[in-house]
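Predicted structure and sequence below. I'll ask about it afterward.
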Amino acid sequence: MNSPEIQFKNVNMAYKGKSGEDIVALDNVSFDIQEGEFISLLGPSGCGKTTSLRIIGDLLQPTSGEVLVRGLSPREIRLQRKYGIVFQSPVLYDWRTVRRNICLPMEIMKFSKKERTARIDKMLELVGLQDFGQKYPYELSGGMQQRVGIARALALDPEILLMDEPFSALDEFTREKLNEDLLNIWSQTKKTVIFVTHNIPEAVFLSDRVVVLSPHPGRVSAIVDINLPRPRENSVRETSEFYDYIVKIRGSFEGV
Amino acid sequence: MKEKMLNIIWPLGFGIAILLLWQVGFLHMIFGLKPYQLPVPTAIAITLSNNLGKALTDCVVTISGALIGMAFGSLIGFMIAAIATFFPKWGYGGMIVVSAFNAIPLVALSSIMNLWFSTGMSQKIGVVTVVCMAAMSMNAYKGLNSLKPFSVDLMHTVAASEWTIFTKLRLPNCLPNVFTALKINIATAIMAAMISEYFASSTSGLGFAIKDSLRKGEMAMGWSYIVVASLAGVILYGIIILVERNAIKWHASQK
Amino acid sequence: MSVERNDRIFVGIVWGIVIIGLWEVIAFLLQNVFQDPMAATKLPYLHVIIATFIQNAGALLGAGLVTFSRAAAGFLVGGIIGIILAVIMSLSKTVERIGLPYLIISQMIPILALAPIIFNIVKDMDSARIIIAAYITFFPVAINMLSGLKAVERDQKDLLYSVAASQVEIYYKLMFPFSMPYLFTGLKIAAPLAITASILVDMLGSSSGIGVKILYALYSNSSNIFWAAVLTSALMGISGYYLVVLGEKVLLPWNKTSSKKGGDNV
């Protein structure tokens, strides 16, 4: 219990830019994530937050440094199918209906048909899209599509949920609603969530801890514990503690 | 750098290997062909160099017909697209009619043109004009009308006239599509010119020459005309790409 | 696309009437005002052509079917080869390196002009028709299919990768369905070409097919039959194209952007 679930140790990431120059995306980045924790990677564009997430998910390999998930490499965890991932855009398959989009990862993971149907029904209800199961993605609004993307990841009930700015393309009202919904879902499962965002209030509202990253090169400038009581509702946004955390995090950015 | 080298070496090596296999008769073996049916590359090259003068004369006839027809066709096609843009409701139907031209088999078209025109040259130009018209009008229409969101609104906020919108916004916006059409048209034009020569009463041009040499059983000669036609196509295509690079530097496809 | 559907149908009907009217008027002018002695050959009345077509429908459609079925066979063969090549090229960087330059160059080469040579080599008209139709279908299909396979977004692949999907599953669940609209773009380019190729072989010395009807009518100066045969071949080309469009509509009901994808295949 005490050894962290995910260890990010002295990770460096560099690649060649368009005109051949070296770009340092991550400069000696280290942090730990505990099991069942909701952690946010927060920072402006270019701080390497998405890169870090993709390294944990084995979608990118670091130039140097070590990443351990439950003492194993990200690749081994991916092959054990422990990850669920939500992208910045919905990433739906145009040729599949909403139901079959949610179904896709479960097909790969060979869930039984009965299990799949049950989970899809549950997820559709959870994200409020019961009446849209048979629609194609082009028939849905952007916000609805994004909810399908989230439902698809949650349907797996993954042990580690990776979310890459899942709400950044949505309007503020929808975003706050989905923030609250996400916390509700998470409080029932208590799985580890790694949440990438550039929105400070969102990070404070959702997280147990916020890893603040600064850009050029990407490095950790602060790790802030958020000790707001749970369960949190939207009213917590109006408290002075909430406001203090925002001020504190805003003050911890370097070179922006 | 290494990547670029591989991009050249692999296809070049493959091409040379095929030519060699062709030369030593391996292709003949697999396909069960006799050398007189499929002449070897050196035979084609020798025949071509022996008849270069005649081949070039025929080439000039075909290519000039193709280019004139392409110029007419592209111009008419563009004008149709422009008119359809100014009158969207009726123009759209016109575009469908024009696109139907695209589906009329070339061969049928050249037979009709054969009736209408007395000389091989004018028949050829007629066929190429119709064929090029369709591709240009469809592409140009797409370019004139698929504008970025709000760009027309921006023009309206400064009370621009339809004509200003056309020249300042639609015209530059459709340039990439126009070049796409030109690239399609150059290949189609040469092909259409040659095919119309197969059937016309003409006595010169690559198409006629191929048919004539096949009739006389001179396969190597037929192949060397194909080589000339292909080279002409590649060169003209290259010229269009060069012009395109300089004309639409701002377009994403050029980066 | 702001034009309403009903409006479009109305506009289409008006266009049809205008074209028919224009044809009749020009034919009338040629015959009676300009007194062109060749008028009946150059442009007979449309209603005369249609009447001739109906009278000879059996023979014309029979001949058309011969040509059409060979074109379809070649279209199928060429399409399958094109798809297979595109898949191999998407799997192997080396094969792509070798194949892509030739695919691009081949677009600048007057492939149809090879028809007489191939016919001369094969001699058998049926196989010549199929080979040439296949040959001309192959290139646009391979190029468009490949550009579809390469246009798959990284996130869409990562999604499958994150749940450790196999390569076969990635192709089956993602790459193939994704590239279908691109494939159809290639098929739409190829369909009229395949039919043209088949007719071309008819005219190079077959004994059956619509091309033969056109040639015979030309030689025997029966201009009405000639025009009816040309009309048949035009209908074949157009219906070939719209069969592919129909296939796309039926098979890809989820695809509402078909006209925007692919197309610029260079």
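It's in.

what about chain B, any weak spots by pLDDT?
B:1, B:201-202, B:252-255 (pLDDT under 70).

Please enumerate the helices of it.
According to DSSP state H, chain B carries its helices in the segments B:2-23, B:26-31, B:41-50, B:52-86, B:88-103, B:106-116, B:120-145, B:151-157, B:162-165, B:171-199, B:206-215, B:219-247.

JSON lines for these, including distance to C:Gln167?
All C-beta spots, glycine's among them, are computed from the backbone N, C-alpha and C. Listed next are these as JSON lines, based on distance: least, CB to CB, whole Å:
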{"stretch": "helix B:2-23", "distance to C:Gln167": "23"}
{"stretch": "helix B:26-31", "distance to C:Gln167": "32"}
{"stretch": "helix B:41-50", "distance to C:Gln167": "39"}
{"stretch": "helix B:52-86", "distance to C:Gln167": "44"}
{"stretch": "helix B:88-103", "distance to C:Gln167": "39"}
{"stretch": "helix B:106-116", "distance to C:Gln167": "42"}
{"stretch": "helix B:120-145", "distance to C:Gln167": "36"}
{"stretch": "helix B:151-157", "distance to C:Gln167": "43"}
{"stretch": "helix B:162-165", "distance to C:Gln167": "50"}
{"stretch": "helix B:171-199", "distance to C:Gln167": "34"}
{"stretch": "helix B:206-215", "distance to C:Gln167": "46"}
{"stretch": "helix B:219-247", "distance to C:Gln167": "36"}
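
Save those as a markdown table, and put in mean neighbour count and distance to chain C too.
Below are the helices of chain B laid out as a markdown table (neighbours: other CB atoms under 10 Å in any protein chain shown; distance: least, CB to the nearest CB, whole Å):
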| stretch | mean neighbour count | distance to chain C |
| --- | --- | --- |
| helix B:2-23 | 13 | 4 |
| helix B:26-31 | 12 | 8 |
| helix B:41-50 | 16 | 11 |
| helix B:52-86 | 20 | 9 |
| helix B:88-103 | 18 | 4 |
| helix B:106-116 | 23 | 4 |
| helix B:120-145 | 25 | 8 |
| helix B:151-157 | 12 | 12 |
| helix B:162-165 | 12 | 15 |
| helix B:171-199 | 24 | 4 |
| helix B:206-215 | 22 | 5 |
| helix B:219-247 | 18 | 4 |
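
what about these, which gets the closest to chain A?
helix B:2-23 (12.8 Å; CB to the nearest CB).

pull the CA atoms of that closest one into CSV?
Coordinates of each C-alpha in helix B:2-23 appear next as CSV, following Å, rounded to 0.1, in the frame of the first residue of the first chain:
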residue,chain,number,x,y,z
LYS,B,2,19.7,8.4,-45.4
GLU,B,3,15.9,8.2,-45.7
LYS,B,4,16.1,10.3,-48.9
MET,B,5,18.8,8.0,-50.4
LEU,B,6,16.7,4.9,-49.7
ASN,B,7,13.7,6.6,-51.3
ILE,B,8,15.6,6.9,-54.5
ILE,B,9,17.7,3.7,-54.4
TRP,B,10,14.9,1.2,-53.8
PRO,B,11,12.6,2.2,-56.6
LEU,B,12,15.5,2.8,-59.0
GLY,B,13,16.9,-0.6,-58.2
PHE,B,14,13.5,-2.2,-58.7
GLY,B,15,13.0,-0.5,-62.0
ILE,B,16,16.5,-1.6,-63.2
ALA,B,17,15.8,-5.1,-62.0
ILE,B,18,12.5,-5.3,-64.0
LEU,B,19,14.2,-3.9,-67.1
LEU,B,20,16.9,-6.5,-66.8
LEU,B,21,14.5,-9.4,-66.3
TRP,B,22,12.6,-8.1,-69.3
GLN,B,23,15.8,-7.9,-71.3
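
And it, how far out from the chain middle?
The chain centre lies 26 Å from the centre of helix B:2-23; the measure is CA atoms, centre = their mean, to the nearest Å.

what's that helix packed up against?
Counting by 3 or more CB pairs under 8 Å, 6 or more residues apart in numbering or on different chains; DSSP states H and E, the packing neighbours recorded for helix B:2-23 are helix B:41-50, helix C:93-106.

Compare those and give me the one nearest A:Gln61.
Across the helices and strands packed on helix B:2-23, A:Gln61 has its closest neighbour in helix C:93-106 (19.4 Å, CB to CB).

Report the mean confidence score over the closest one.
Here helix C:93-106 scores 86 as its mean pLDDT.

who are the neighbours of that helix, in terms of helices and strands?
Packed against helix C:93-106 by the contact rule (3+ CB pairs under 8 Å, 6+ apart) you find helix B:2-23, helix C:57-91, helix C:125-150.

Using JSON lines, please lay out those together with distance to C:Phe28.
Below are the helices and strands packed on helix C:93-106 laid out as JSON lines (distance: least, CB to CB, whole Å):
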{"stretch": "helix B:2-23", "distance to C:Phe28": "58"}
{"stretch": "helix C:57-91", "distance to C:Phe28": "25"}
{"stretch": "helix C:125-150", "distance to C:Phe28": "39"}
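
low-confidence ranges in chain A?
Those would be A:1-2, A:254-256, if you go by pLDDT under 70 across chain A.

So what's the residue count around whatever residue of it ends up closest to chain B?
Closest approach between chain A and chain B, counting by CB to the nearest CB: A:Lys18, at 9.9 Å. When neighbours are counted by other CB atoms under 10 Å in any protein chain shown, A:Lys18 registers 7.

and it, which of the three is it?
Classification of A:Lys18 using DSSP: H, G, I helix; E, B strand; the rest coil returns coil.

picking that back up, please work out which of the helices and strands packed on helix C:93-106 is packed deepest.
helix C:125-150 (a mean of 25; mean count of other CB atoms under 10 Å in any protein chain shown).

Restricting to C-alpha, output the helix or strand following that one in PDB.
Following helix C:125-150 in sequence order, the next helix or strand is helix C:154-162 (DSSP states H and E). The C-alpha trace of helix C:154-162 is given here as PDB (Å, rounded to 0.1, in the frame of the first residue of the first chain):
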ATOM      1  CA  ARG C 154      -2.700   8.600 -34.400                       C
ATOM      2  CA  ASP C 155      -5.200   8.800 -31.500                       C
ATOM      3  CA  GLN C 156      -7.500   6.300 -33.200                       C
ATOM      4  CA  LYS C 157      -4.600   3.800 -33.400                       C
ATOM      5  CA  ASP C 158      -3.400   4.600 -29.900                       C
ATOM      6  CA  LEU C 159      -6.900   3.700 -28.600                       C
ATOM      7  CA  LEU C 160      -6.500   0.100 -29.800                       C
ATOM      8  CA  TYR C 161      -2.800   0.100 -28.800                       C
ATOM      9  CA  SER C 162      -3.700   1.000 -25.300                       C
END
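
who does the helix or strand following helix C:154-162 touch, helix- and strand-wise?
Helices and strands here follow DSSP H and E; after helix C:154-162, the next one along the chain is helix C:167-170. Where contact means 3+ CB pairs under 8 Å, 6+ apart, helix C:167-170 is packed against helix C:154-162.

Report the buried residues of the helix it packs on.
Within helix C:154-162, the residues scored as buried using 16 or more other CB atoms under 10 Å in any protein chain shown are C:Asp155, C:Gln156, C:Lys157, C:Asp158, C:Leu159, C:Leu160, C:Tyr161, C:Ser162.

ok, back up a step: rank the helices and strands packed on helix C:93-106 by mean pLDDT and give me the bottom one.
helix B:2-23 (a mean of 86).

who in chain C is up against chain A?
Where proximity means CB under 8 Å from any CB of the partner chain, the interface of chain C facing chain A comprises C:153, C:155-156, C:158-165, C:169, C:173-174, C:177-178, C:180, C:252-257.

make it 10 Å
Neighbours of chain A within chain C, by CB under 10 Å from any CB of the partner chain: C:153-166, C:169-170, C:173-174, C:176-178, C:180-181, C:251-257.

Now which of the residues you listed would you call buried?
The buried subset of the residues of chain C next to chain A - by 16+ other CB under 10 Å - is C:155-165, C:170, C:173-174, C:176-178, C:180-181, C:252, C:254-255.
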